[in-house]
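Asker: can't give you the sequence, but here's the structure:
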């Protein structure tokens, strides 16, 4: 393919490509609200029609929740295959009163498109579609086979689509898959996201006496649930070093290698500025790791919520008979959420002993994922971003989780490149979400450039 | 005085004395509810008229809240003076639907009077008044001078009356004061309560970042308020031994002597049964002390409430920017609440350091109090109870606080005898409060007997 012509095609069709996204954003595809089910289906149909117009063969895959879309365009069996992931559904709009314009009436202002889903993920994955169009219609033909897997339930039942993979796994076969659901750290640094942490979330509830007791009468004679809970928590993580104290917790951890640590250290990162922005005096880090590593490449444990005893106005000298905590553990390769859950439960039970009873409730689990920074597919991503945005691209680590990524790795065995085009200030999941038009069009260029990179620069052996 | 005749008087006037209490209990003197202000005044008036009919000179003392009553009957300047304390106000009745009969329509059933305030404290202090009447009218004359101090705001502003003491202190001068606001451990053991713990209650709130943060994005990089709070709490008390870790906390503690430990060990106390009743597998105790000592004679620290992060249904991967705890410390002689508060604040500030900001809010404080088990006034109380109830009396320690007791000690410099006539199952502060008639009439006998004991058996030197 001719990349220059593909880029020229984007330039010539700028207005239309923006308008197509605007039309797409008008569909209120809120997957969490039943009354928008038809809108969610309409948004999926929008992608389906578009991809069919580009010569893709499409299939709608029903799921336990909202159906998803599979599309493919095979140029030649000899060529590598790139799978592109995206999702058409969006977050609810509340609090609606904080929006400066209606969330489903896209507005262009200050070089940005303002609408719910403008960045997450309609804008980001539509940039990929626009890039494929440019490669095909401007560049002459796709230089690789391309598949799309497009979810319609990411913001609600984030596991519904992945649950269908065992049924359709072979169709997803590819050499690399591209996910545009991350962002740049700032406008000067296009970025490939190298890693996601996994998660295991659990709620524990400790019960003591058969009812609340007077703390004058019984203080000093009882194992108090709040006290037992803090004893559990203090034995989950060493406060000063950040070391998780669950026996076996680190057994399976693959520590980041020097390449990975060096790669993520490229990120522009001024700790004093970040602390100031967050309103704190200083940041935490695990002993032996930088702040950035602690928050991305290291497993950790957080108490996301805690409750016990009397929490209303004033004071009540009561020994509450229940105390609970919502605790999540962020995981790194090669930690398995189920195994971590078991270690957690065993450890907590042994700490509580006969000082109370403890109940467990497991919430979401997600697997961790890391790319190798030296992977030719990651390197291709960096070059594609640099070509499209005219600035050297860097590698990032992300502390959160995108559960479909490890699922796609497991299903396809392929490499993954997380190449998002948004910016940290785009207000994902919040009022006044927006997406810079330069990032949308730059994203389309990067998508075209990436197909070209895979076709011309990634050698066959790297493709398996 | 002739004690036998005094006892006979009680026997002869049983029906009327019970009826007087029933009339008294009909007054809904809820000090916490403004609409009952007139009822509270009416209840005070009831005592006032009664005492005047017994030849007492009375004064109503205004306070910042509900006015209280002072009454005195001087027989001779050479005789010792006994001050009797009580309160006419009662707790609110909620939850009203759990009462088996209306709380202010006293009902006699199963040998008990059922009504709000039947035990706490109308029944208990009216037994004292009945005892004084019996000593006077049955016994011939009071063998000592008697004063009454009767509060009308104990259940709401428990410090309003004590705040007036500096103004009227001299009037309260006495050799011993008697408080009937405690109870027997069971029907077989009349008891003198030997000790009260003091209290200092504080709420602390720790704030971290300027708002809630995503725990995927920031987990591992921040000092999280819940985490800092648990760090504070784990440094307030050693979990396994129960030792309070606030520097200086034990400096002023007067440890219980062997007499006191032996005295409170008399209490019938089956730990296995108590644990079973409470619904726990085992009880806690501070290292080096029995369970009973830990809950009564030892200072301790409790977290009465804790709250932070997301505590609703489900799970939110959030780092809450605020976490708070309501913490109380139970104190023993010679710990001063204000000094303890200062140590607490200093310690917590040093623990939090620059990992967040911490706010303090001080709630109620109360001083601790112990009687010497060998005190002749306490011994007189034991004998009076034995004479009245026909069973040997024991000594108890109480873990809670009655703030007016240390205030009366400070004002009068007198000895204190806590001689309550209730039973643990009387439902104080709860629905279906009641008071056994045998305890009411026995209490009256004990009150008369106590005056006799002080007059005849406590030697002059012990009286100051």
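Answerer: Noted; the coordinates are in hand. Just so you know, these numbers come straight off a predicted model, no measurement behind them.
Asker: Now do the same for the residue positioned nearest the centre of chain A: helix, strand or coil?
Answerer: Chain A has residue A:402 as the residue nearest its centroid, 3.4 Å off, counting by Cα atoms, centre = their mean. Under the three-state scheme (DSSP: H, G, I helix; E, B strand; the rest coil), the conformation of residue A:402 reads as coil.
Asker: what's the answer for residue A:92, then?
Answerer: Following three-state DSSP, the label given to residue A:92 is coil.
Asker: Residue of the stretch 1-150 of chain A closest to chain B, please.
Answerer: Of all residues in the stretch 1-150 of chain A, residue A:32 sits closest to chain B, with a separation of 12.7 Å (Cβ to the nearest Cβ). To be clear about C-beta, it is placed using only N, CA and C from the backbone, and glycine gets the same treatment.
Asker: ok, how many other residues are close to that residue?
Answerer: Residues near residue A:32, counting by other Cβ atoms under 10 Å in any protein chain shown, number 14.
Asker: Kindly state the domain boundaries assigned to chain A.
Answerer: Following the assignment in automatic domain parsing, chain A carries domains at A:3-196+A:368-463, A:198-253+A:299-366.
Asker: would you list those in JSON lines and tack on mean pLDDT?
Answerer: Written out in JSON lines, the entries for the domains of chain A read as follows (pLDDT from 0 to 100):
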{"stretch": "domain A:3-196+A:368-463", "mean pLDDT": "95"}
{"stretch": "domain A:198-253+A:299-366", "mean pLDDT": "96"}
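Asker: Make TSV from those and add distance to residue B:208 to it.
Answerer: Converted to TSV, those look like this (distance: least, Cβ to Cβ, whole Å):
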stretch	distance to residue B:208
domain A:3-196+A:368-463	17
domain A:198-253+A:299-366	12
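Asker: which stretch among the ones you listed comes nearest residue B:384?
Answerer: For the domains of chain A, the distance to residue B:384 is smallest for domain A:198-253+A:299-366, at 25.5 Å, taking Cβ to Cβ.
Asker: and residue A:379, how far is that from chain B?
Answerer: Residue A:379 sits 26 Å away from chain B, going by Cβ to the nearest Cβ, to the nearest Å.
Asker: residues near that residue, how many?
Answerer: Each residue near residue A:379 was counted by other Cβ under 10 Å, and the total is 20.
Asker: And the one 5 residues further on, by the same measure?
Answerer: Other residues lying near residue A:384 total 29 when counted by other Cβ under 10 Å.
Asker: any idea which helix is longest in chain A?
Answerer: Ordering each helix of chain A by length in residues (DSSP state H) puts helix A:437-456 first.
Asker: Name all residues that make contact with the residue of the stretch 1-150 of chain A closest to chain B.
Answerer: Residue A:32 makes contact with A:91-92, A:155-156, according to Cβ atoms under 8 Å, 6 or more residues apart in numbering or on different chains.
Asker: If we use 6 Å, what do you get?
Answerer: If a contact means Cβ atoms under 6 Å, 6 or more residues apart in numbering or on different chains, then residue A:32 has A:92, A:156 as its contacts.
Asker: three-state assignment of it?
Answerer: Here residue A:32 takes the coil state, with states given by three-state DSSP.
Asker: Residue A:65 versus that one, what's the distance?
Answerer: Distance, residue A:32 to residue A:65, by Cβ to Cβ, to the nearest Å: 10 Å.
Asker: And for residue A:304?
Answerer: For residue A:304, the distance to residue A:65 (Cβ to Cβ) stands at 25 Å.
Asker: higher neighbour count, the two?
Answerer: residue A:304 (26 against 20).
Asker: which phi and psi does the more buried one have?
Answerer: Dihedral pair for residue A:304: phi -80, psi -20, per degrees, to the nearest 10.
Asker: how about the nearest residue to it, chain neighbours excluded?
Answerer: Counting by Cβ to Cβ, 6 or more residues apart in numbering or on different chains, residue A:326 is the residue found nearest to residue A:304 once chain neighbours are left out, at 4.6 Å.
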